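[1] Below: sequence and its predicted model.
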Amino acid sequence: MDLTERKKRILRAIIESYIQSAEPVGSKAIASSIGMEVSSATIRNEMADLEAMGLLEKPHTSAGRIPSPKGYRLYVNELMEEHKLSLQETERMNQALRLKMQELDRVLDQAGRVVSRLTNYPAFALSSGMDKVTIRRFDLLMVEHNAFIIVVMTDTNVVRNRLIRLPSDLTEAQLQMLNTLLNTTFTGLTLAEITPELMRVAQHAAGEAYGLISLVVSFAMEVLEGLEQRRVHTSGLAHLLELPEYQSLDRAQPLMSYLSEDSDPARFPVPKDDPMKILIGPENVADALKDTSVVVASYDIGEGMRGVIGVVGPTRMDYAKITARLSYLAEGLSRLFGQGGAAPGQGRREIGDDDIP
């Protein structure tokens, strides 16, 4: 059965009406909105064809139709018009993006809260760390007789340093010996490969300076852990209870439980190749998300890491508006991390609750 232009208009009108009302849509409501001179009977026939094609569903208690996951997918891929952000929307988001970049955790938490308030849906924000990072080299630099700087460079060209003060003096020769031992023993290893046994062997080889080996390697392990770690924050779970689909606590509770158990970031989808990803209903792997849609956007944090912001809501969500807002926020966050400063033309300051729309 061909999907004619008229069928496409009717399908789009039904989906957009259902997005707004959460009520099954009948032929009379569609007749005046598709911009075509057709009768209600003709529209009913077209709706029956769309149902036969699996694009619409008919609830048992209503004569109207609602979109199916297949219908939403066609809408997102072919029928959805681009949402133009208003000046008010962009200003509200720019206010939220005027951040002072302090801790990644704080930025993720704020990003999740901003997304949730802008969309009125539960939101999540996470960072996607690198899988296997290794130490490329160590450099120990003498500052004073009882102080030196540890410089650690990873294979991803991330450089971290720390000043160490000692209770007793250290000679340049001892420092160079430690430097050589560290570079021959601990470079090219992932965090998991730096074992207690390897530490014991290196400490034994260091002789009287065995305590410094532990000090330097512990710092290197902190660097690797920070780059590999993924953090996740969820916000706005209470928004679910404001939606008609989740007025029943029995229906809302499993999804709220799933979203609140945020200790495992792998539970949340992450775009791999595209900056935006939309998962509709059964396209979600997790059972708790089978009746929802998930929209996620990624942004560049730097140092080989990606950030992700996303929303979870009913399949009737306004995909055009949600994707426009997430895309704008993701691009703004990429600029902020890339420049280490505020959005173009704006001064830097720390975000507060009043900044979040």
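    Here it is on my side, so go on.

[2] from memory residue 331 sits against residue 299, does it?
    Yes. Using CB atoms under 8 Å, residue 331 is in contact with residue 299, at 7.1 Å. (Glycine included, C-beta is placed from N, CA and C.)

[3] which one of those two has more residues nearby?
    Each of residue 331 and residue 299 has its neighbours counted (other CB atoms under 10 Å); residue 299 has more, 22 against 16.

[4] need the helix or strand of the protein with the lowest average pLDDT.
    In the chain, the helix or strand scored least confidently by mean pLDDT, DSSP states H and E is helix 87-97, which has a mean of 73.

[5] who does that one touch, helix- and strand-wise?
    Judged by 3 or more CB pairs under 8 Å, 6 or more residues apart in numbering; DSSP states H and E, the packing partners of helix 87-97 are helix 104-119, helix 319-339.

[6] for the ones you listed, which one ends up most surrounded?
    helix 104-119 (a mean of 21; mean count of other CB atoms under 10 Å).

[7] what mean pLDDT does it have?
    Taken as a whole, helix 104-119 has a mean pLDDT of 80.

[8] Now it - C-alpha only, PDB.
    Extracted C-alpha coordinates of helix 104-119, given in PDB (Å, rounded to 0.1, in the frame of the first residue of the first chain):
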ATOM      1  CA  LEU A 104      32.600  18.000  35.500                       C
ATOM      2  CA  ASP A 105      30.200  16.600  38.000                       C
ATOM      3  CA  ARG A 106      28.700  20.100  38.700                       C
ATOM      4  CA  VAL A 107      28.400  20.800  35.000                       C
ATOM      5  CA  LEU A 108      26.700  17.500  34.300                       C
ATOM      6  CA  ASP A 109      24.300  18.100  37.200                       C
ATOM      7  CA  GLN A 110      23.400  21.600  36.000                       C
ATOM      8  CA  ALA A 111      23.000  20.400  32.400                       C
ATOM      9  CA  GLY A 112      20.600  17.700  33.400                       C
ATOM     10  CA  ARG A 113      18.500  20.200  35.500                       C
ATOM     11  CA  VAL A 114      18.400  22.700  32.600                       C
ATOM     12  CA  VAL A 115      17.300  20.100  30.100                       C
ATOM     13  CA  SER A 116      14.600  18.800  32.500                       C
ATOM     14  CA  ARG A 117      13.200  22.300  33.100                       C
ATOM     15  CA  LEU A 118      13.300  23.200  29.400                       C
ATOM     16  CA  THR A 119      11.500  20.100  28.300                       C
END
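
[9] tell me what that helix is packed against?
    Under the contact criterion of 3+ CB pairs under 8 Å, 6+ apart, helix 104-119 touches helix 87-97, strand 123-128, strand 232-235, strand 305-314, helix 319-339.

[10] Please convert the ones you listed to CSV, extending it with distance to residue 77.
    Listed next are these as CSV, based on distance: least, CB to CB, whole Å:
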stretch, distance to residue 77
helix 87-97, 24
strand 123-128, 24
strand 232-235, 28
strand 305-314, 19
helix 319-339, 10
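
[11] Pick out the shakiest of these, pLDDT-wise.
    helix 87-97 (a mean of 73).

[12] now the angle between helix 104-119 and it, please.
    Counting by axes from the mean of the first three to the mean of the last three CA atoms, to 10 degrees, helix 87-97 lies at 160 degrees to helix 104-119.

[13] Pull the distance from helix 87-97 to the chain's centre.
    Here helix 87-97 is found 19 Å from its chain centre; the criterion is CA atoms, centre = their mean, to the nearest Å.

[14] Kindly report the same for stretch 77-85.
    Mean-position distance between stretch 77-85 and its chain equals 22 Å (CA atoms, centre = their mean).

[15] again, but for stretch 296-311
    The answer for stretch 296-311 is 6 Å, by CA atoms, centre = their mean.

[16] how far does it stretch from start to finish?
    Between the opening and closing residues of stretch 296-311 there is a gap of 7 Å (CA to CA, to the nearest Å).

[17] May I see the buried residues of that stretch?
    Going by neighbour count (16 or more other CB atoms under 10 Å), the buried part of stretch 296-311 is 296-301, 303-311.

[18] Can you tell me how far the residue most central in space within the chain is from residue 317?
    By CA atoms, centre = their mean, the mean C-alpha position of the chain lies nearest to residue 308, the distance being 1.9 Å. Distance, residue 308 to residue 317, using CB to CB, to the nearest Å: 18 Å.

[19] quick revisit: CSV please, covering the helices and strands packed on helix 87-97 and showing distance to residue 285.
    Below are the helices and strands packed on helix 87-97 laid out as CSV (distance: least, CB to CB, whole Å):
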stretch, distance to residue 285
helix 104-119, 21
helix 319-339, 20
